[in-house]
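Novice: okay, sequence plus prediction incoming.
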Amino acid sequence: MKIHFIAIGGAVMHNLAIVLKKNGHEVTGSDDNIFEPSASRLREHGLLPPDYGWYPEKIKDDTDTVILGMHARKDNPELMKATEMGIDIKSFPEFLYDQTKDRLRIVIGGSHGKTTITAMIMHVLRFNDYKFDYMCGSKLEGFETMVGLSEKSKIAVFEGDEYLSSAIDRRPKFHLYKAGLAVINGISWDHINVFPEFDEYLEQFRLFTDSITKNGKLVYFSEDALVDNIACKSRDDIKKIPYRVHGYFQNKKGFFAATHDRVQKMNIFGEHNMQNLSAAKAVCSEIGISDNDFYAAMESFTGPHKRMELLSSGDGALVYSDFAHAPSKVKATVEAIAERYPSHRIVACLELHTFSSLNQGFIDNYRNSLNDADESYVYYNPHALKLKKLKMLDNNRIRESFGNDNLKVMDDADQLFYDIYENAGKESVYLFMSSANFNGKDLKAFAARLAGDD
């Protein structure tokens, strides 16, 4: 097939492009800007566009399919040309569904935990020599790409994002996969730019259960009242499989997952990860993986990139990075760090970067989310507000929203990092949470300085 990508630089888009080329397809693509590491990876595989911008002439008579990224707008010149020519246009979730129609599609949904659950399942399948297709929203150890497609697979594992599919397809991505085995791990309002009312956001998860194939299965977190209600009201032909937080304990020797007859030392930690573990275990059980094989695999699981990732340690200090940005994710991540290191000073730093987090009408949802930290910072980049056409934030209002009078609010990344470093100390754990990059700061290098490991 001849496949053209509009907005090839996206995280999933560039990985899918690489995989399709490796699978023998002729692949081209365009974008108006491509950042690292996408640019280097596309260049390595001969897929980096020679010039940035949109070029309708790239859409040719023999183009079989155009894959449209969310970054591209409705008036994109290449999209308009493909539409005029009647060429097949798909979002990447549509394309992935089309490629996996004959497989059992396992789709992991939920406002939080879906990347980690997807990664856990992939790790267990790989450890036990299963052939499977996949799409995960983060880089994983042992996987060259974030997307995998193979004609020999009988299973496909997809992270199910509730955000919109493309500029011309306003359906959430996870609706398009038509799961045979679906997971809902928790529901907490997010993406207010497209779901301005909570009930509208909640409805997307009900529709997700409607999209499950006939006689399919729903694995769900029964301790979340919203999730439990949706699961109970889902179709009668769907098999409902509830789960709770996996048993666990910790001591000076480490963090352990525990059942009545098993204790398994883990590399990951935190109650939220034990919730994720239960979801992954329930899924793996449904596809025939024994408990022994599941826990044997999980012993070596270290988690996806930027999910409780230890950047540096030394001189009595540790530095973690996490993708947490929504209120429920931030709260769970800070709680996990505080519980794991009860004798350390916990310093939490959150960057507000998404449309929701930068919206003054939404920030109240962060109340008490940083309370388990001994010191806490909130940073935002004024340039991000301009790009999203949002009103400038008031620092005092942010403190009030978080319910923390001692919260340090900053809009200058240099000053933020200077202040954190000037107050650095031993027996401290630093937690940096962001879906962005603190205005381009080299966080790994800074972590080494903080931990005295540079």
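Specialist: Structure received. Numbers count the residues shown, from 1 in each chain.
Novice: in a strand, Glu351, correct?
Specialist: Yes: judged by DSSP: H, G, I helix; E, B strand; the rest coil, Glu351 forms part of a strand.
Novice: what is the burial count for it?
Specialist: A count of nearby residues for Glu351, using other Cβ atoms under 10 Å, gives 24. The C-beta positions use only the backbone N, C-alpha and C, and glycine is treated the same way.
Novice: check contacts around it.
Specialist: 325, 378-381, 432-436, 438 (Cβ atoms under 8 Å, 6 or more residues apart in numbering).
Novice: residue contacts, Leu104?
Specialist: Listed by Cβ under 8 Å, 6+ apart, the contact partners of Leu104 are 154-156, 180-181, 287.
Novice: by neighbour count, which of those residues wins?
Specialist: Neighbour counts for the contacts of Leu104, by other Cβ under 10 Å, peak at Ala156, which reaches 26 neighbours.
Novice: wait, which of the contacts of Glu351 is closest to Ala279?
Specialist: Distance to Ala279, by Cβ to Cβ, is smallest for His325 among those, at 20.8 Å.
Novice: so what's the residue count around that closest one?
Specialist: For His325, the count of nearby residues is 20 (other Cβ under 10 Å).
Novice: now it: how far from Glu351?
Specialist: 8 Å (Cβ to Cβ, to the nearest Å).
Novice: which residues are in contact with both of those two?
Specialist: With Cβ under 8 Å, 6+ apart, His325 and Glu351 have common neighbours 433-435.
Novice: dump those to TSV, plus secondary structure.
Specialist: Compiled in TSV, the shared contacts of His325 and Glu351 are given as follows (three-state DSSP):
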residue	secondary structure
Met433	strand
Ser434	coil
Ser435	coil
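Novice: of those, which is the nearest to Pro50?
Specialist: Nearest to Pro50 among the shared contacts of His325 and Glu351: Ser435, at 30.1 Å, using Cβ to Cβ.
Novice: that closest one: how many residues sit nearby?
Specialist: Neighbours around Ser435, by other Cβ under 10 Å: 16.
Novice: pLDDT at the spatially closest residue to it that is not a sequence neighbour, what is it?
Specialist: Nearest non-adjacent residue to Ser435, counting by Cβ to Cβ, 6 or more residues apart in numbering: His325, 4.3 Å away. Looking at His325, its pLDDT reads 88.
Novice: how about Asp453?
Specialist: Confidence at Asp453, expressed as pLDDT, is 63.
Novice: I'd like the distance between the residue of the chain positioned farthest from its centre and Ile3.
Specialist: What lies farthest from the middle of the chain is Asp61; by Cα atoms, centre = their mean that is 36.6 Å. Using Cβ to Cβ, Asp61 is found at 15 Å from Ile3.
Novice: beta-bridge partners for Val409, please?
Specialist: Taking DSSP bridges, one obtains Val378 as the residues bridged to Val409.
Novice: Ser138 and Ser166, how far apart?
Specialist: To Ser166, Ser138 is 21 Å away according to Cβ to Cβ.
Novice: just Lys90 next, same as before
Specialist: Lys90 sits 9 Å away from Ser166 when distances are taken as Cβ to Cβ.
Novice: hmm, back to that, can I get the contacts of Glu351 in a markdown table with distance to Ala11?
Specialist: Listed next are the contacts of Glu351 as a markdown table, based on distance: Cβ to Cβ, whole Å:
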| residue | distance to Ala11 |
| --- | --- |
| His325 | 15 |
| Val378 | 25 |
| Tyr379 | 22 |
| Tyr380 | 22 |
| Asn381 | 20 |
| Phe432 | 19 |
| Met433 | 18 |
| Ser434 | 15 |
| Ser435 | 11 |
| Ala436 | 13 |
| Phe438 | 18 |
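Novice: out of those residues, the closest to Glu57 would be?
Specialist: Nearest to Glu57, judged by Cβ to Cβ, of the contacts of Glu351 is Ala436 at 34.1 Å.
Novice: confidence score at the closest one?
Specialist: pLDDT recorded at Ala436 is 89.
Novice: how about it: what's its closest non-neighbour residue?
Specialist: Going by Cβ to Cβ, 6+ apart, Ala436 has His353 as its nearest residue, at 3.9 Å.
Novice: pretty sure the one you found contacts Ala384?
Specialist: Yes: if you go by Cβ atoms under 8 Å, His353 and Ala384 touch, sitting 5.8 Å apart.
Novice: so what sits against both of these two?
Specialist: Contacts common to His353 and Ala384, judged by Cβ under 8 Å, 6+ apart, are Ala436.
Novice: returning to what we had before: of Ser138 and Ser166, who's got more company?
Specialist: Taking neighbours as other Cβ under 10 Å, Ser138 and Ser166 compare with Ser166 leading, 25 against 18.
Novice: now the more buried one, nearest residue through space, not along the chain?
Specialist: Ser91 is the one closest to Ser166 (Cβ to Cβ, 6+ apart), at 4.2 Å.
Novice: Arg73 too?
Specialist: Residue nearest to Arg73 in three dimensions, not counting chain neighbours: Ala167, with 5.3 Å by Cβ to Cβ, 6+ apart.
Novice: wait, the one you found sits on Lys74?
Specialist: Yes: with contact defined as Cβ under 8 Å, Ala167 counts as touching Lys74 (4.7 Å).
Novice: between the two, which has more neighbouring residues?
Specialist: Ala167 (19 against 10).
Novice: now that one. Its backbone dihedrals?
Specialist: Note on Ala167: backbone dihedrals following degrees, to the nearest 10 are phi -70, psi -20.
Novice: can you pull the contacts of the residue farthest from the centre of the chain?
Specialist: Contacts here follow Cβ under 8 Å, 6+ apart; on that basis Asp61 touches Met85.
Novice: next one: it from Ala17, what distance?
Specialist: Using Cβ to Cβ, Asp61 is found at 21 Å from Ala17.
Novice: hang on, the residue nearest to Ser435 in a helix?
Specialist: No: using three-state DSSP, the secondary structure at His325 is coil, not a helix.
Novice: switch to numbering from 20
Specialist: Got it, first residue is 20 now, which makes that one His344.
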